[in-house]
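# Quick one, what's the 3D model for this:
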Amino acid sequence: MGASSLDCVLTSFVTAHPYDIKGSLWFTLTQEAIPENSNVTITFTSGTTQIDVPYSTAGSSSNSFTGIDYGNDVWVHDGKVTWYVYLPGGKTGQTLDYTNVVVEDTLGGDPTYQQTVLSGTFSLEHATKLNSAGTWPIWETASTRLYTVTPSGSNTFTFTAPKLAAGGWWRLVYDVKVSPTAYKGTVSNTAKTSWDTQKQMSTTHSEVYVDAGGTGSGEAR
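Numbers count the residues shown, from 1 in each chain. I've put the predicted structure just below:
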């Protein structure tokens, strides 16, 4: 691998913050033509400081994906929140059709903050194969004819689908707006789900939210 550089610029949220906040930078280094089960040394240079870091390369691993449990998850990014509700599926996906699926989804909120579903962002996604590493499904947007979504106010909706076919995995995806704009705290979501052969089950997920972002650039040659 030739010389590489990575430049990061902190936003004013960090540089002007009244407290001495700090964090960590994580990135993935991919290097080709390195033998399996060998040791290599990568040199990092920052200004006049040079650090040599030893790495051990592992051998090829088999498919590490074991399936998806029922649950919900969240992605907080650039002052926006994307929620996911996952229906359960094993290593090769669902073994049976899920019929008459009902998901009752309620966004968390209290006197300090509210979440509002952003119109036009809802989608049902389906995957029938894994990525090349065999670690996670490759999701694709499913037809809107497969389901209906009935809102109840700005923070609750009911998803219904007559049939979600066996083979592969299914998830619900949508974006929300968090208010007030300067809110810093925890956001949460609760999803209650059932289908013909499954009594209603509930899952709740919470995540720290901060309306902040950053920019970065890099080059490799």
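# Do you know the pLDDT at the residue lying farthest from the centre of the chain?
Within the chain, the residue lying farthest from the chain centre (C-alpha atoms, centre = their mean) is Thr48, at 37.1 Å. On pLDDT, Thr48 comes in at 78.
# How is this protein divided into domains?
Following the assignment in automatic domain parsing, the chain carries domains at 4-61, 71-210.
# mean confidence for the last one?
Read that as domain 71-210. When pLDDT is averaged along domain 71-210, the result is 94.
# where does that domain sit relative to the chain's centre, distance-wise?
Computed by C-alpha atoms, centre = their mean, to the nearest Å, the chain-centroid distance of domain 71-210 equals 11 Å.
# follow-up on the earlier one: highest average neighbour count across the domains of the chain?
Among the domains of the chain, ranked by average contacts under mean count of other C-beta atoms under 10 Å, first place goes to domain 71-210 (a mean of 15). Yep, even glycine has a C-beta here, placed from its N, CA and C like the rest.
# Beyond the helix or strand where Val85 lies, next helix or strand please.
Assignment of secondary structure by DSSP states H and E places Val85 within strand 80-86. Elements were assigned by DSSP H and E; along the chain past strand 80-86, the next helix or strand is strand 98-107.
# Which elements pack onto that following strand?
strand 80-86, strand 114-117, strand 156-164, strand 169-179, strand 184-195 (3 or more C-beta pairs under 8 Å, 6 or more residues apart in numbering; DSSP states H and E).
# The same query, at a cut-off of 10 Å, please.
On a contact count with 3 or more C-beta pairs under 10 Å, 6 or more residues apart in numbering; DSSP states H and E, strand 98-107 meets strand 80-86, strand 114-117, strand 156-164, strand 169-179, strand 184-195, strand 198-210.
# I figured Leu124 hits Trp169, correct?
No. Using C-beta atoms under 10 Å as the test, Leu124 is too far from Trp169 to be in contact (11.5 Å).
# any residues in contact with both of those two?
Counting by C-beta atoms under 10 Å, 6 or more residues apart in numbering, the common neighbours of Leu124 and Trp169 are Leu87.
# Centre-most residue in the chain?
Most central in the chain (C-alpha atoms, centre = their mean) works out to Trp75, at 4.7 Å.
# residue contacts, the residue nearest to that residue when sequence neighbours are not counted?
Spatial nearest neighbour of Trp75, excluding adjacent residues (C-beta to C-beta, 6 or more residues apart in numbering): Thr82 at 4.4 Å. Residues in contact with Thr82, defined by C-beta under 10 Å, 6+ apart, are Asp73, Val74, Trp75, Val76, Leu118, Thr121, Val173, Tyr174, Asp175, Val176.
# would you say the fourth one is within a strand?
The one in question is Val76. Yes. With DSSP: H, G, I helix; E, B strand; the rest coil as the criterion, Val76 is located in a strand.
# give me the beta-bridge partners of it?
Val81 (DSSP bridges).
# right, and it touches Val178 too?
Yes. Taking C-beta under 10 Å as the contact criterion, Val76 and Val178 are neighbours in contact, 9.0 Å apart.
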